[in-house]
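> Just the structure for this:
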Amino acid sequence: MKNIITEPAKLLWTPESAFREGANQDVYVTLDEETFQKGVKILAETFELVALFCVENFAEHTGFTLFYAFEKQGCPEILVIKRPLTSMQTTSVAKDFASACWYEREINDGFGVEFTDAYDKRRLFLHETYPVGFHPLLKSFPNQPIETGKSLQQEEYQFKKLEGEGVYQIPVGPVHAGIIEPGHFRFSVIGETIFNLEIRMFYKHRGVEKLAEGKKPADCLQIAESISGDESAANAAAFCIAVESIAGSHLPPRALQLRTILLEMERIYSHLGDMAGMMTDVAYPVGATGYFILREEILRLNQALTGSRFLKNIFCIGGMRRDIPSGSLDGLAEYLKAFPKKLLEANELVHKSAWVIDRLETTGIVKKELVRPLHLTGPVARASGAAADTRIAHPYGIYAQLELKNPTREKGDVMSRFELKSAEIIDSVTIINRLLGELKPGEATTPFNITDGHALAVVEAPRGQTVHWVYVKNGVIDRYKVRTASFCNWLSLEHAVQGNIVPDFPLINKSMNLSYAGTDL
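Numbering: from 1, shown residues only. Predicted coordinates for the structure are as follows:
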C-alpha cells in the first residue's frame, strides 16, 4: 500500500507537520489559506473528495474550521486537511471537486459561512419556510422549536431554466404516491425524452447533527441507527468505530465477527429489495416475488438473531449489546445452504423474459468518468466499472482478513446494477458462511471509557461509502458529521436519466434505491 504522505501532496507539507489518528491511522494536516489555495489543483490531480464539513470552535481555534477529507487509490488512510477560517467568507473548491457543491451549500446553510466564488449559492436544506438569518449548526443556536411564521425567506427557489422549441418541464414531487419519502424532481423534456433533471431534496431535514450535540456518545447511538432505516447496522457500526477509535478500544474477535455477519445480512436484504423493486417498476410482479420472499426470510432471520428485523439496538460502543446464541446462528447457517439456489431460480425467471431484459439493458447509464468527480460509490460506481469498495480500500473491523472479491460491471446501466447486486448478495453469503465456521468463543463486548478527541470512520453500507466524524469534548459530543453514500450518489441520477424517456425514470431511480432520509439529515 502507498503512503498517503509521500504522494504528490508532499509539496504542500512535510511528514513532520502531519499526524495520524483513528483506526486506519488517517492523516491530519493543517493548512493556511494561501497554502490550501495553492494545493487545491495539486490535490485534484490524484485525490478524490470524500467529505467536507465545518466545525465551530475546534480545539484551540475560535471560529470556524473546514475539514476536507480526501482519499487516493491504493492508500488505506484518509487524508483530512484542516483549514481554519479567519472570517465568515472563504473560497470554493467546487470547480476542482464537483462533489463539493452540495457540501458548500450545506455549510452555508448550517453555519452562515459564504463561499464567495461558488457557482451555485442556492440554499440546500433550509427551504423557504425557514427564517432569515437562521443557521442551526451555530453554537449560539439552542436546539429548540423555531417560529416559521415570521421573517421567512422571501425568494422562491430557482430551478435551472432550460428554454427552446418544444421544451417543457414536468415537476414530480416532493409528495409521492404510497410511502415514498419526499423529494422533488424537475424534468426538462422534449416529447418524452429527458434532456435535463434537477433534484431538490431536504424536505425531511431533521436536524440529526444538532440533536447529537451535548449528548454522551452512548446516548447518540440510537440517533445513528435512525439516520436511514434500512442502513441501521452500517450507521451504527460507523458511529461505534469512530468513538472506539477516540477511546482506543480494541474489540474482542467474536464482536468483530458478529458485527460483520450483521453488516452483510443488511447488504443482502437491501439488495434483494432493490432487485424486487426493479421488477415491480417494469410491471413484472411475478419476477419480483422470488426476491420479496427471500428478503422477508432474511428479515425474519434478523429478528431471530437480534430482536429487530432491521438490526437495531444490537451494536454498542465496545462491541455487541448482547451475544447471539449459538442456536440462532446454527439456524442461519442451515438457511443459507439453500439460499444461493433460490436466488438463482429467481434470476432465471428474470433472464428468461426478453422484454424485461430489453427494459433494463442500455437504460439509465452512469458513465465511469463521472465516478471520481462526483465521488460515486457502492453499486452505482461498481456497475460502471469502478472498483470502489470501502471494505477493501479502507478496511475496518476484520474485513482486511477476508480477502474480499470486488465484482464490477462495465456498462453502467440498470441491467449492470441488477446483475452486480445479485453477485454481491452471493459474496455476502460466502462471507457469512466463512465467519460462522470460524466464529470465536468468548466475550462479545469490551469495557468502554470515553475520552476527548475526534475520529473519522468510513464503512461500506449497502448503497456505498458512509462517513461518520465524531468530536468529543468534555465527555460529550461537540460535533457529529454524517455523510451517507446517497448524499453523493443522488447527483448520478441527474446524469443517468438523460436521453431516456420519462416512464423509465422510476426504474432508473429504483436501480440505485437511494435514501431520502439518509440525505436529509
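> Please count neighbours and contacts with C-alpha atoms only from this point.
OK.
> Check the gap between the closest residue in space to residue 231 that isn't next to it in sequence and residue 124 for me.
In this structure, residue 231 finds its nearest non-sequential neighbour in residue 461, 6.7 Å apart by Cα to Cα, 6 or more residues apart in numbering. Separation of residue 461 from residue 124 (Cα to Cα, to the nearest Å) stands at 24 Å.
> helix or strand right after the helix or strand bottoming out on mean pLDDT in the chain?
Per-element confidence for the chain was summarised using mean pLDDT, DSSP states H and E. The lowest value among helices and strands belongs to strand 19-21, with a mean of 65. Secondary structure here is assigned by DSSP states H and E; on that basis, the next helix or strand after strand 19-21 toward the C-terminus is strand 26-30.
> Pairing partners for that following strand, with directions?
Strands flanking strand 26-30 in the sheet, each with its direction: strand 19-21 (antiparallel), strand 79-84 (parallel) (DSSP bridges).
> how distant is the longest one from the center of its chain?
On the basis of Cα atoms, centre = their mean, to the nearest Å, the separation between the geometric centre of strand 79-84 and that of its chain is 21 Å.
> what does the helix or strand where residue 296 lies contact?
Here residue 296 is covered by helix 285-306, with elements defined by DSSP H and E. Applying Cα atoms under 8 Å, 6 or more residues apart in numbering, the set of residues contacting helix 285-306 from outside is 265, 268-270, 272-273, 275-280, 308-314, 324-325, 328-329, 332, 342-343, 346, 349-350.
> Just the buried ones out of the residues you listed, please.
With neighbours counted by 16 or more other Cα atoms under 10 Å, the contacts of helix 285-306 contain buried members at 265, 268-270, 272-273, 275-280, 309-314, 324, 329, 332, 342-343, 346, 350.
> Which of those residues fall in helices?
265, 268-270, 272-273, 275-280, 329, 332, 342-343, 346, 350 (DSSP state H).
> ok so, going back, determine the set of other helices and strands touching the following helix or strand past the helix holding residue 296.
Elements were assigned by DSSP H and E; along the chain past helix 285-306, the next helix or strand is strand 315-316. Helices and strands in packing contact with strand 315-316 are listed as helix 232-247; criterion 3 or more Cα pairs under 8 Å, 6 or more residues apart in numbering; DSSP states H and E.
> just checking, what packs against the helix it packs on?
Packing contacts for helix 232-247, counted by 3+ Cα pairs under 8 Å, 6+ apart, involve helix 217-225, helix 253-281, strand 315-316, strand 453-461, strand 464-473.
> Pick the most deeply packed of these.
Among these, ranked by average contacts under mean count of other Cα atoms under 10 Å, first place goes to strand 453-461 (a mean of 25).
> Check the offset of that strand from the chain's centre.
Counting by Cα atoms, centre = their mean, strand 453-461 is centred 11 Å from the centre of its parent chain.
> same question, stretch 346-365
Relative to the centre of its chain, stretch 346-365 is centred 28 Å away, using Cα atoms, centre = their mean.
> Ok, stretch 401-408 next?
20 Å.
> Please apply the same query to stretch 271-285.
The gap between where stretch 271-285 is centred and where its chain is centred comes out at 22 Å by Cα atoms, centre = their mean.
> pLDDT of that stretch, averaged?
In this model, stretch 271-285 has an average pLDDT of 96.
> swap in stretch 134-145?
Model confidence over stretch 134-145, given as mean pLDDT, is 90.
> and the end-to-end length of that stretch?
Between the opening and closing residues of stretch 134-145 we find a distance of 12 Å, counting by Cα to Cα.
> where does the closest residue in space to residue 256 that isn't next to it in sequence land in three-state SS?
The shortest distance from residue 256 to any non-neighbouring residue, by Cα to Cα, 6+ apart, is to residue 397 (5.8 Å). Assigned by DSSP: H, G, I helix; E, B strand; the rest coil, the conformation of residue 397 is coil.
> Test for you: state the pLDDT assigned to residue 397.
Listed pLDDT for residue 397 reads 93.
> Please apply the same query to residue 51.
Among the per-residue scores, residue 51 holds a pLDDT of 97.
> now residue 344
Among the per-residue scores, residue 344 shows a pLDDT of 97.
> what do you get for residue 3?
The predicted local confidence for residue 3 comes out at a pLDDT of 59.
> contacting residues around stretch 167-174?
Residues lying outside stretch 167-174 but in contact with it, judged by Cα under 8 Å, 6+ apart, are 182, 183, 184, 185, 186, 187, 188, 189, 190, 203.
> Neighbour-wise, give me the winner out of the residues you listed.
Ranked by neighbour count (other Cα atoms under 10 Å), the contacts of stretch 167-174 have residue 188 at the top, with 24 neighbours.
> for the closest residue to that one other than its chain neighbours, helix, strand, or coil?
The spatial neighbour of residue 188 that comes closest, neighbours along the chain excluded (Cα to Cα, 6+ apart), is residue 169 at 4.5 Å. When the structure is split into helix, strand and coil by three-state DSSP, residue 169 lands in strand.
> how far away is residue 169 from residue 201?
Computed as Cα to Cα, the residue 169 to residue 201 distance reads 18 Å.
> So for the two, which residue has more residues nearby?
The residue with the greater number of neighbours, taking residue 169 and residue 201 and applying other Cα under 10 Å, is residue 201; the counts read 20 against 16.
> just checking, the more buried one touches residue 126?
No - in this structure, residue 201 sits apart from residue 126 without contact. The criterion is Cα atoms under 8 Å, and the distance is 10.2 Å.
> Give me the domain ranges for this protein.
If the domains of the chain are taken from automatic domain parsing, they occupy 4-115, 208-512, with pieces of a single domain joined by a plus sign.
> just to revisit the earlier point, could you give the backbone dihedrals for the residue nearest to residue 256?
Note on residue 397: backbone dihedrals following degrees, to the nearest 10 are phi 60, psi -120.
> For burial, what's the neighbour tally of it?
Residues contacting residue 397 under the criterion other Cα under 10 Å number 19.
> how close does it sit to residue 259?
For residue 397, the distance to residue 259 equals 8 Å [Cα to Cα].
> got it, and residue 89?
As judged by Cα to Cα, residue 89 and residue 259 stand 43 Å apart.
> For residue 518, which residues are in contact?
Neighbouring residues of residue 518 by Cα under 8 Å, 6+ apart: 227, 228, 484, 486, 487.
> rerun that using 10 Å as the cut-off
202, 204-205, 226-231, 235, 466, 482-487 (Cα atoms under 10 Å, 6 or more residues apart in numbering).
> check which helix or strand covers it.
Taking DSSP H and E as the definition, one finds residue 518 inside no helix or strand.
> pLDDT score assigned to it?
Predicted confidence (pLDDT) at residue 518: the value is 94.
> what's the answer for residue 222, then?
With respect to pLDDT, residue 222 scores 94.
> likewise residue 34?
Confidence per residue is given as pLDDT, and for residue 34 that number is 85.
> hang on, the earlier thing: narrow the contacts of residue 518 to those in helices?
Under the assignment DSSP H, those contribute 235, 485, 486, 487 to helices.
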